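Novice: The sequence isn't on hand, but the structure is:
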């Protein structure tokens, strides 16, 4: 049995949840208040972060490493292409979102507006929020530019790159921070991902004190 | 011909340089003042970061994605084990250093002390430096704990995990921010990496205005 220690609005946890679901692997979710780590939790992951996947006695941390391991051990359906160049592009785009987008957008909007309050760390820094709200436009335009040339973000097949991007964007969509009218092809791309069965559990997520935006669960947003 | 756009004291560039050298791939280094990005540079990598590897007309960014691509296209000598579990552990530790260590230590010590000055962004934030100087002890202890159980960081073979960790530590060693007396096995591990031919070019790096620590090039430090 797989058990995932997670937090609902963590893009890194969502990425692993989507990968597990696409591979048709069942998982028991355990919500973890990782900012108040228990000794037990730190024993599972000395980095003190979520996600942590427990599977057959193994305890695994780091979302990209977990997803690569799932891809290698459960190859069907594939979430990475078979050629080295295609795999490079998937990993490049995963890093783009987990690193650059996370730094410039996710941390500035979601963490300021939601995580800070949940963690009792005070009010959002309005300069950070303003910066994030400005930068997300650039990232949506970059996605639009990629999707002008390709059916999916890393090429003509749906890959881990799409689920990584969707994991971040879905958290921001929960708090209504994504302007879906900015680009038709980004909206079409998200609509395709959002309607997948693997996405359904994410749409049911609720964070006390932060009701989801009205359109969040709507497949025709 | 391979060309790497880099900055000498960037751990991410050093990781790629070490991987190229271990695989016996020649590379022309071009120093890039990435914080004053030229239009040409942004065309090569819209993320505006180094390293960027140009090879056979391909332009590649993101250090981990580049190293994985090198491992797949030039398998000898291997820098990743062949089993999925071993590969997971390598990737987990690479992420530990590129993400957690970078956030808590590299950015707090190196970027405050060196990069800020070079980029004309003022003086080091003493709270950040103090935080980094305190956190590096925890990371060195974590490495010591791993090396108590294994010959190398991710297992009994030398892998990309070791070169990733050494890339970060070598930058901090340049400014004398690593206490090698804290743990004998971490020191022994670094001495083994430091004496490899692939490491020699890193030891010749010089950053104007920041002379390397006296012991930086010393193999018997």
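Specialist: That came in fine, so what should we check first? Here the structure is a predicted model, which means the values were calculated and not measured.
Novice: helix or strand for residue A:89, which one?
Specialist: Per DSSP states H and E: residue A:89 is located in helix A:84-95.
Novice: what does whichever helix or strand comes after that helix contact?
Specialist: Later in the chain than helix A:84-95, the nearest helix or strand by DSSP H and E is helix A:107-110. When contacts are defined by Cβ atoms under 8 Å, 6 or more residues apart in numbering or on different chains, helix A:107-110 is touched by residues A:9, A:128-129, A:131-133, A:135-136, A:171-172, A:175, A:177. Placement of C-beta: from N, CA and C, glycine included.
Novice: circling back to that earlier point, is chain B within reach of the helix holding residue A:89?
Specialist: Yes: using Cβ under 8 Å from any Cβ of the partner chain, helix A:84-95 comes into contact with chain B via A:84-85, A:87-88, A:91-92, A:94-95.
Novice: Please list only the buried members of the contacts of helix A:107-110.
Specialist: Buried by 16 or more other Cβ atoms under 10 Å in any protein chain shown: A:9, A:128, A:131-132, A:135-136, A:171-172, A:175, A:177, out of these.
Novice: Let's have those residues in TSV, adding pLDDT and distance to residue B:55.
Specialist: As requested, the buried ones among the contacts of helix A:107-110 are arranged in TSV below (pLDDT from 0 to 100; distance: Cβ to Cβ, whole Å):
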residue	pLDDT	distance to residue B:55
A:9	96	39
A:128	98	37
A:131	98	34
A:132	98	34
A:135	97	30
A:136	98	32
A:171	98	35
A:172	98	35
A:175	96	41
A:177	97	38
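Novice: okay, the residues you listed in CSV with secondary structure next?
Specialist: Converted to CSV, those look like this (DSSP: H, G, I helix; E, B strand; the rest coil):
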residue, secondary structure
A:9, coil
A:128, helix
A:131, helix
A:132, helix
A:135, helix
A:136, helix
A:171, helix
A:172, helix
A:175, coil
A:177, coil
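Novice: Show me where chain A has its strands.
Specialist: Taking DSSP state E as the criterion, chain A contains strands spanning A:2-6, A:27-31, A:52-55, A:58-61.
Novice: Need the buried ones among the contacts of helix A:107-110 in CSV (columns: distance to residue B:167).
Specialist: Formatted as CSV, those follow (distance: Cβ to Cβ, whole Å):
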residue, distance to residue B:167
A:9, 32
A:128, 30
A:131, 29
A:132, 30
A:135, 28
A:136, 31
A:171, 31
A:172, 32
A:175, 36
A:177, 35
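Novice: ok, of those residues, which one's closest to chain B?
Specialist: Distance to chain B, by Cβ to the nearest Cβ, is smallest for residue A:135 among these, at 12.3 Å.
Novice: Just say which of the strands of chain A is most tucked in.
Specialist: Comparing the strands of chain A by mean neighbour count (mean count of other Cβ atoms under 10 Å in any protein chain shown), strand A:52-55 comes out on top with a mean of 22.
Novice: From the contact counts, what lies against that strand?
Specialist: strand A:2-6, helix A:39-44, strand A:58-61 (3 or more Cβ pairs under 8 Å, 6 or more residues apart in numbering or on different chains; DSSP states H and E).
Novice: Paired strands for the first one, with orientation please.
Specialist: Put plainly, it is strand A:2-6. strand A:27-31 (parallel), strand A:52-55 (antiparallel) (DSSP bridges).
Novice: residues from chain A in reach of chain B?
Specialist: Checking chain A against chain B by Cβ under 8 Å from any Cβ, the hits are A:46-47, A:49, A:58, A:60-62, A:64-66, A:68-69, A:72-73, A:84-85, A:87-88, A:91-92, A:94-96, A:99-100, A:142.
Novice: Quick one, which of these are buried?
Specialist: Buried among the residues of chain A next to chain B (16+ other Cβ under 10 Å): A:47, A:49, A:60-62, A:64-66, A:68-69, A:87-88, A:91-92, A:94-96, A:99-100, A:142.
Novice: still on that earlier bit, redo the contacts of helix A:107-110 as CSV? Include distance to residue A:29.
Specialist: Formatted as CSV, the contacts of helix A:107-110 follow (distance: Cβ to Cβ, whole Å):
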residue, distance to residue A:29
A:9, 13
A:128, 29
A:129, 29
A:131, 32
A:132, 27
A:133, 30
A:135, 30
A:136, 28
A:171, 16
A:172, 21
A:175, 21
A:177, 24
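Novice: From chain B, how far off is residue A:209?
Specialist: 27 Å (Cβ to the nearest Cβ, to the nearest Å).
Novice: Many thanks, we can stop here.
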